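# This is the structure alone, sequence omitted:
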């Protein structure tokens, strides 16, 4: 039986980006190189990548809320704030997912702002995989060359498992407790597995051809 979930998008962007030296949400995308000039930031590109496949997009910010607000609103997303981002990324995830349920949605595409956006076709494939899965599948996780990444798709059962957990928990811990309810989907998109923490890692992106 095919599911008919209604999807929200959630972008976690409350981190302090201490290793990068600037807010990673504001990094230009694509980076200079290969004859391309930046047209977006990591944040605006993430919003655009999720927009086609979701009903609305929530960006969870922290102390950087005023910095991110112009990008969030100019791209048609909604800003919500983690009042204490020092509790860790999982607390931002809980805040975002609670708002997903508050707005009457039962599934979410969740990604992190510190990475290049996945291709629109990749996101649609992940959404379709979840819609075609059985009720025993609570989450879809993309996989590229053996590495897992984002965005992940979470259904209501996984959302509720996240919300019941302590704010100091991690996604890895909750996934580990519910391993039988996960489904990994192979994708031909290196961006799902990239994670940018330092200026050196960001600079390396300008030397790569990620087909974006």
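Received, thanks. Remember, it's a predicted structure, so these values are computed and weren't measured experimentally.
# all helices of the chain, in order?
Using DSSP state H, the helices assigned to the chain run over residues 42-51, 65-74, 89-102, 120-131, 156-164, 171-177, 199-205.
# what's the spacing between the residue nearest the centre of the chain and residue 41?
The centroid of the chain falls nearest to residue 111 when counting by Cα atoms, centre = their mean (0.5 Å). Counting by Cβ to Cβ, to the nearest Å, the gap from residue 111 to residue 41 is 14 Å. To be clear about C-beta, it is placed using only N, CA and C from the backbone, and glycine gets the same treatment.
# cool, residue 6 as well?
In this structure, residue 6 and residue 41 are 28 Å apart, going by Cβ to Cβ.
# same thing with residue 169?
Looking at residue 169 against residue 41, where the rule is Cβ to Cβ, the gap reads 29 Å.
# Where does pLDDT dip in the chain?
Of all residues in the chain, those with pLDDT under 70 make up the ranges 1-4, 33-38, 206-212.
# switch the cut-off to 80
Low-confidence segments of the chain, defined by pLDDT under 80: 1-5, 17-18, 32-38, 206-212.
# ok, back up a step: to what extent is the residue nearest to the residue nearest to the centre of the chain when sequence neighbours are not counted buried, counted in neighbours?
Using Cβ to Cβ, 6 or more residues apart in numbering and skipping residues adjacent in sequence, the residue nearest residue 111 is residue 151, 3.9 Å away. Taking other Cβ atoms under 10 Å as the criterion, the count of residues near residue 151 is 29.
# Surely residue 151 and residue 125 touch.
No. The criterion here is Cβ atoms under 8 Å, and residue 151 misses it with residue 125 at 11.1 Å.
# show me the contacts for residue 197.
Contact criterion Cβ atoms under 8 Å, 6 or more residues apart in numbering gives 19-20, 114 as the residues in contact with residue 197.
# Any of those residues buried? List them.
Among these, the ones that count as buried by 16 or more other Cβ atoms under 10 Å are 20, 114.
# Make a markdown table from the contacts of residue 197 and add distance to residue 195 to it.
Converted to a markdown table, those look like this (distance: Cβ to Cβ, whole Å):
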| residue | distance to residue 195 |
| --- | --- |
| 19 | 11 |
| 20 | 12 |
| 114 | 6 |
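# of all the contacts of residue 197, which comes closest to residue 100?
Checking these against residue 100 by Cβ to Cβ gives residue 114 as the nearest, at 20.9 Å.
# Name the nearest residue to the closest one, ignoring sequence neighbours.
Distances taken as Cβ to Cβ, 6+ apart put residue 24 closest to residue 114, at 4.4 Å, once the chain neighbours are dropped.
# Could you tell me which of the contacts of residue 197 are located in strands?
Assignment to strands by DSSP state E places none of those there.
# Nearest to residue 67 among the contacts of residue 197?
Ranked by distance to residue 67 (Cβ to Cβ), those are led by residue 20 at 13.7 Å.
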